[in-house]
Structure formats: C-alpha cells, structure tokens
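Asks: Show me how the following folds:
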Amino acid sequence: MHPWIGAGSQDRQDLLHELGLETIDQLFARLPESVCIDRLDLPPAQDETSLRRAFFDLGLNTTTAARKPSFLGAGVYNHIRPAAVDAVLSRAEFFTSYTPYQPEISQGTLQALFEFQTLMTRLTGMKVSNASLYDGATALVEAVLFAFRVLRLKRPRVVIADTVHPIYRSVLETYADPTGLEIVTVPAGPDGRLDIEALEAAITDNTCCVAVQSPNFLGVVEDLTVVAQAAHRVGALAVHVVTEALSMALLKAGGHFDFDVVCGEAQSFGVAPGYGGPHLGFFTCKEKTIRQMPGRLCGETLDSEGNRAFCLTLSTREQHIRRAKATSNICTNQGMMALAATVWLEAIGGAGLRRLAEDNLSRAHELARRLVDEDTGWRLAFPDSPFFNEFLIQGPIGGAETARKAAEAGILAGIPVARWSTKWPDGLLVAVTEHNSSADLDALIEVLAHTTHHQSATRPNTP
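Replies: Model (predicted):
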C-alpha cells in the first residue's frame, strides 16, 4: 500500500487473505451488536459557515455541568481551573505532548514532567512517580501488571475490591484475559467498605496484588491499614487506587500505610471534564521496585557545564518497542495533561489545595445533613461510614428514575449506580464540589423532596 493513500478494494482483499478471513464483518465479529452501527443517518453536505452555525445551535441546546447545577462525579469531577493553566499550556516551550527523547531541545517539557512527578510523590506519600499514563483505568492495569512482574510472573491471582470503579475493573479484565491473570472480586460489606473477612479468604499464596479504591466508587473511605497488612501477610503487593485526586489533600494516601503502589486518576487537577477525556493517569511506587515501573520517568542531572538539567532516566526509547519484552507498551506521554496538573497544583499551592479540599468536604456533608434533617424522604445508604465529597443516597424511587426527573427540572443530580451492579443499593451517587453553591444545594433538595411527595401522592391507597 502507498504510505499516505488509503487502502483500495484489492488492498483490503489482500489484508483479509493474510488474516485468514473472507469478509470485513468477520474482522469485527467479536464486537457486541449493541455498539455497532449499520449506517450513519447524516444530513446532506453543507458549506463551512452553515455547518459552524448548526454545531453552535446544537451546543446551545446541550446540558453541561457549567450551565446547570451538577452533582455528577463517579471518577470525573468539576473543579476550578485558573486561567493560568490554559495560558501556560499554550506556550511553545510546552506545546507538544510528544516524548522528549532529545533533552537538549526539551528542557521545558522535561522540567514540567519532573515537577509533576515530585508533586505526585508528595501527595501519595510514595518515593517515585512516572508521568505517562492515559487515565485511571490504565493506571490500575499497569499496577497489576507491575505487581505480576515484581513477583516474577509466578503469582497470577489478582484480588480486587468490588467497589473499585466498574470501568477500571472492566479494562483490567480485558487486559487480564490474554495475560493469564485470574481476577477475584471481593464484595463490600453492609457499611459500603470492603468485607475484610471475604478479603482474607480470597488472598492466597498465589496472589500477586490486592487492589482497593479509597474513597471507593460508592464514596466510602476504606481502612487502608487492614488492606495493606492482609496483602503483605502472603507477600503480595498492595495497590491503592484513587479516582478523586483532591481527596489526597485531606486523606492520607496509601504511601502512608505501606502500600506498594498508589495510582489512579488526576483529572481533578486542572483537566476539565470532557466527553470521555482526555484524562491523566498517575502511578507512584516504592523506590526498590522502580525498574519495573511503566512509562516515562524524568530525572534531574547536570549538563557538561555543571548546570541543572533534566532528562529521561531508566526509560530508553528502545525499551518501549520491544513488544512483549518491554516493561510496558504505554508509549504516548500525557505530557500536556501532566503540565496542566502541574500548573494547577502550583497555582493553587499547598495551603490552597487543603482549603479547597475542606470546602468540598464541608459542602458535601452539609448536603448530606440537610437530606436527613429536612425530611426529604432520602437517606444516606451508608450513614455511619466516612466519605469525602461523594456519597450514595436512597429514596422512594430508583436512582435512574430520580436522575431523569431531576434532569427534567434542569439539575444533573448524580449517577445511578444500579446500572453498574445489582449488589449495590439502587440509589444515586452524588458528588459535591466547590462549584456547587448554596442555591445548587437548595435546588437539589427541592427536587428530591418533590419526587418523594409526588411518589406518596400517586401511591394507591391500601385497604
């Protein structure tokens, strides 16, 4: 085939023949029918001006977290973004997100990644951080594969909490299947926390790692000390997954509880919520296992004249093209997102970060208290369990119907969790950030109370 001209009909036939297939449909046979499209029903072509106007009109009719009171969370959070973030991102010194293999012309990018690594180690309590994972889901996958390598590929059992983000677990299962890893899921107890007895029963001498999310998908803060001790009792690695990175400004991360890996999603740090991304995965570990760490690692050194300089270290370009022999096939460096997080953290500052986290905590707990005190008919699913800025609520109707009714009233009330698991209460996962004003809280309380009263009024009388 020509390097830059698309494949023709004969090229496609040659490719199918090489793969041992007869039709294109066979190539995509493993894709579920629910995600396949027979054809796109598109309108006739338009000129550029008309097309821009059409998309602008569509945008005006789109409900977004910026235009409506929003309590959406579940791994993607709406936090403040100082103007300095986009201003620095637009600078030519940092404009490319390509891996800086040539340090002599990449000092700006390298220093930004070095600063990002430093900030993440301070937040997680770990010794080493990388700077090149796509998102929280791939960070978890890399942590599991990392543990498997550290223990010399001899322990294929992976024990993971059921309350780790469902999407993260789904991605892990996809990677585990061809790798030969056995995924064992441990359920949550009645308090929304990991069932410790079930955890200890699931861990065997064949376990390479134990993974837990805290705050977990249901918003509950886990007992990390017990999890780390249970993993280390059989020589397995302990992995702490974080989806709301801001929580680490108030809650001690796994590095303070002797965890071997702290990883997850740093989208909260200066990366705006979008349609599925981009996100920013992070990965931190102990120094003794640094050579098995995936992705890019930037280090500080001196140049030939004794000046401070930065370079890639323990991570050559050749290492990432060795296919199965490579530590990881994560090659695309999320430099742009890491830079956004670095600028955001530096702009907020240590004291500002803590104040922001305290603001999230207080607003979330205010909403939780009002739900009970104002007789809305709604309650916390786990009233005695600690949470940060997200919690699960239950009421007279299911989470999906509640979210629909709230959307009709102009409020993005939260995430229905029943779609992810029938083991969890059929409720609404509500996240509260600094963007949620007192008026937003009033509006949500009013909508939830209205659904309760409407449900009571429409319920048939029983003799």
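Asks: Look up the closest residue to Gln272, ignoring the ones flanking it.
Replies: No, residue 272 isn't Gln; it's Ala. By the measure of C-beta to C-beta, 6 or more residues apart in numbering, the closest residue to Ala272 outside its immediate chain neighbours is Arg81, 6.0 Å from it. Where C-beta positions appear, they are placed from N, C-alpha and C, glycine not excepted.
Asks: The one you found: what's it in contact with?
Replies: Listed by C-beta atoms under 8 Å, 6 or more residues apart in numbering, the contact set of Arg81 reads 270, 272, 344.
Asks: So the second one versus Cys285, what's the distance?
Replies: Just to be clear, that refers to Ala272. With distances taken as C-beta to C-beta, to the nearest Å, Ala272 is found 28 Å from Cys285.
Asks: Have a look at these two and say which one is more surrounded.
Replies: Legend: neighbour count by other C-beta atoms under 10 Å for Ala272 and Cys285, higher for Cys285 (29 against 15).
Asks: backbone phi and psi for that one, please?
Replies: phi -150, psi 180 (degrees, to the nearest 10).
Asks: who's in contact with the spatially closest residue to it that is not a sequence neighbour?
Replies: Leaving aside its chain neighbours, Cys285 sits nearest to Val261 (5.0 Å; criterion: C-beta to C-beta, 6+ apart). Applying C-beta under 8 Å, 6+ apart to Val261 gives the contacts 126, 143, 146-147, 209, 237-240, 254, 283-285.
Asks: do the same with Val343
Replies: 84-85, 88-89, 270.
Asks: make it 6 Å
Replies: 84-85, 88 (C-beta atoms under 6 Å, 6 or more residues apart in numbering).
Asks: Go through these and give me the one with the most neighbours.
Replies: Highest count within the contacts of Val343 by other C-beta under 10 Å belongs to Val85, 22 neighbours.
Asks: low-scoring pLDDT stretches of the protein, where are they?
Replies: Across the chain, residues meeting the criterion (pLDDT under 70) sit at 1-4, 63, 65, 95-99, 315-324, 331-333, 453-463.
Asks: Walk me through the domains of it.
Replies: 83-343, 350-455 (automatic domain parsing).
Asks: what's the helix or strand for the nearest residue to Met248 once chain neighbours are set aside?
Replies: Among residues not flanking Met248 along the chain, Leu123 sits closest, at 4.6 Å (C-beta to C-beta, 6+ apart). Counting by DSSP states H and E, the element that carries Leu123 is helix 107-124.
Asks: Next, the buried residues of that helix.
Replies: Residues of helix 107-124 classed as buried by neighbour count (16 or more other C-beta atoms under 10 Å): 107-117, 119-121, 123-124.
Asks: Quick one: list the elements packing against it.
Replies: strand 128-129, strand 281-285, strand 298-302, strand 308-312, helix 335-373 (3 or more C-beta pairs under 6 Å, 6 or more residues apart in numbering; DSSP states H and E).
Asks: Can you show me the CA trace of that helix as PDB?
Replies: In PDB, the C-alpha atoms belonging to helix 107-124 read as follows (Å, rounded to 0.1, in the frame of the first residue of the first chain):
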ATOM      1  CA  GLN A 107      14.200  21.100  28.800                       C
ATOM      2  CA  GLY A 108      10.800  22.900  29.300                       C
ATOM      3  CA  THR A 109       8.800  19.700  28.800                       C
ATOM      4  CA  LEU A 110      11.200  17.600  30.900                       C
ATOM      5  CA  GLN A 111      11.200  20.000  33.800                       C
ATOM      6  CA  ALA A 112       7.400  20.200  33.800                       C
ATOM      7  CA  LEU A 113       7.200  16.400  33.900                       C
ATOM      8  CA  PHE A 114       9.800  16.300  36.700                       C
ATOM      9  CA  GLU A 115       7.800  18.800  38.700                       C
ATOM     10  CA  PHE A 116       4.600  16.700  38.100                       C
ATOM     11  CA  GLN A 117       6.400  13.600  39.400                       C
ATOM     12  CA  THR A 118       7.600  15.500  42.500                       C
ATOM     13  CA  LEU A 119       4.100  16.800  43.300                       C
ATOM     14  CA  MET A 120       2.500  13.300  42.900                       C
ATOM     15  CA  THR A 121       5.000  11.700  45.300                       C
ATOM     16  CA  ARG A 122       4.300  14.300  47.900                       C
ATOM     17  CA  LEU A 123       0.600  13.800  47.600                       C
ATOM     18  CA  THR A 124       0.700  10.000  47.600                       C
END
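Asks: Nearest to Pro278 among the buried residues of helix 107-124?
Replies: Nearest to Pro278 among those is Phe116, at 14.9 Å by C-beta to C-beta.
Asks: Test my guess that the closest one contacts Met336.
Replies: No: Phe116 is not in contact with Met336 according to C-beta atoms under 6 Å; the separation is 11.2 Å.
Asks: Now do the residue nearest to Ala112 when sequence neighbours are not counted: how many residues are near it, please.
Replies: Residue nearest to Ala112 in three dimensions, not counting chain neighbours: Leu339, with 4.7 Å by C-beta to C-beta, 6+ apart. Neighbours of Leu339 under the rule other C-beta under 10 Å: 27.
Asks: Surely Leu339 touches Phe94?
Replies: Yes: the criterion here is C-beta under 6 Å, and Leu339 meets it with Phe94 at 5.2 Å.
Asks: Need the overlap of contacts for these two.
Replies: In contact with both Leu339 and Phe94: Ala112, using C-beta under 6 Å, 6+ apart.
Asks: what about His88, helix or strand, and which?
Replies: Slight slip there: residue 88 is Val, not His. Judged by DSSP H and E, Val88 forms part of helix 83-89.
Asks: ugh, typo on my part, it should be Ile160
Replies: Here Ile160 is assigned to strand 157-161, by DSSP H and E.
Asks: burial measure for the residue lying closest to Ile411 once chain neighbours are set aside, as a count.
Replies: Closest residue to Ile411 apart from its sequence neighbours, by C-beta to C-beta, 6+ apart: Pro69 at 4.9 Å. Residues contacting Pro69 under the criterion other C-beta under 10 Å number 21.
Asks: how about Pro69, phi and psi?
Replies: According to degrees, to the nearest 10, Pro69 has phi -60, psi 120.
Asks: Check the gap between it and Thr376 for me.
Replies: Taking C-beta to C-beta, one finds Pro69 at 16 Å from Thr376.
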